[in-house]
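Q: what shape does this take:
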Amino acid sequence: MNKVYDYTVRKTNGDVMSLDAYKGQPLLIVNTASKCGYTPQFKGLQELYEAYKTDGLVVLGFPCDQFANQEFENIEETTEFCQVNYGVTFPLMAKVKVNGEEAENLFRFLKEENGGDIKWNFTKFLVDRNGHVTGRYEPAVEPAEMKKDIEKVL
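A: Below you'll find the predicted structure:
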């Protein structure tokens with residue numbers, strides 16, 4: 001497997017979904033957390049999604065509880081929190097692990113492609129229309145700072 005579209009992920013209802021469903025679309029993949037100092041970035045991620053979704057961009061949020069237990073236990077609480085507090089309409093997936101032996105295969109691939117282990121919540125990966133990682137952005141990088149790079153892959 002050498003493209004993001006080759007992987008499957010779990011949706012919040014537990015169903016398995018192939019990322020092939022997004023083939024040909026640029027993706028912004030983010031490990032998120034609802035109780036983190038970077039949680040306000042949900043607003044910026046939603047703004048990017050709204051600004052570029054008609055051009056094909058899909059933002060995918062993957063809740064992760066691996067860093068200081070900053071995610072709700074129940075995925076329904078997570079999705080409600082994101083919708084109510086930040087107006088999130090982009091797809092959120094099931095909770096994942098991004099590091100270690102139990103890391104989601106997608107995140108193993110993303111890390112191999114660009115930069116090694118994930119250090120914290122809200123690490124962002126930009127994927128072009130061909131399924132290749134073109135950028136990695138550490139948690140402190142605000143979503144708006146990625147606009148030029150996103151526009152290059154649209």
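Q: give me the neighbour count for Cys64.
A: Here the count is done by other C-beta atoms under 10 Å, and Cys64 has 26 residues near it. No exception for glycine: its C-beta is placed from N, CA and C like everyone else's.
Q: what's the separation between the residue lying farthest from the centre of the chain and Arg108?
A: Each residue of the chain has a distance to the centre, and by C-alpha atoms, centre = their mean the biggest one is for Glu101: 19.7 Å. Separation of Glu101 from Arg108 (C-beta to C-beta, to the nearest Å) stands at 10 Å.
Q: and Phe67, by the same measure?
A: 17 Å.
Q: which one of these two has more residues nearby?
A: Neighbour totals were compared for Phe67 and Arg108, and Phe67 leads with 19 against 14 (other C-beta under 10 Å).
Q: need the contact list for the residue nearest to Pro139 when sequence neighbours are not counted.
A: Spatial nearest neighbour of Pro139, excluding adjacent residues (C-beta to C-beta, 6 or more residues apart in numbering): Phe122 at 4.2 Å. Residues in contact with Phe122 (C-beta atoms under 8 Å, 6 or more residues apart in numbering) are Val30, Asn31, Thr32, Ala33, Cys36, Tyr38, Gln41, Pro139.
Q: Asp65: neighbour count?
A: Other residues near Asp65 come to 18 when the count uses other C-beta under 10 Å.
Q: so where do the helices sit in this structure?
A: Ranges of helices in the chain, per DSSP state H, are 41-52, 75-86, 105-113, 147-153.
Q: how about the CA coordinates for the shortest one, as PDB?
A: To tie it back to what came earlier, the one meant is helix 147-153. Listed next in PDB are the C-alpha coordinates belonging to helix 147-153 (Å, rounded to 0.1, in the frame of the first residue of the first chain):
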ATOM      1  CA  LYS A 147      -4.200  27.800   2.900                       C
ATOM      2  CA  LYS A 148      -1.400  28.200   0.300                       C
ATOM      3  CA  ASP A 149      -0.400  24.600   0.500                       C
ATOM      4  CA  ILE A 150      -4.000  23.500   0.300                       C
ATOM      5  CA  GLU A 151      -4.600  25.700  -2.800                       C
ATOM      6  CA  LYS A 152      -1.600  24.000  -4.500                       C
ATOM      7  CA  VAL A 153      -3.200  20.500  -4.200                       C
END
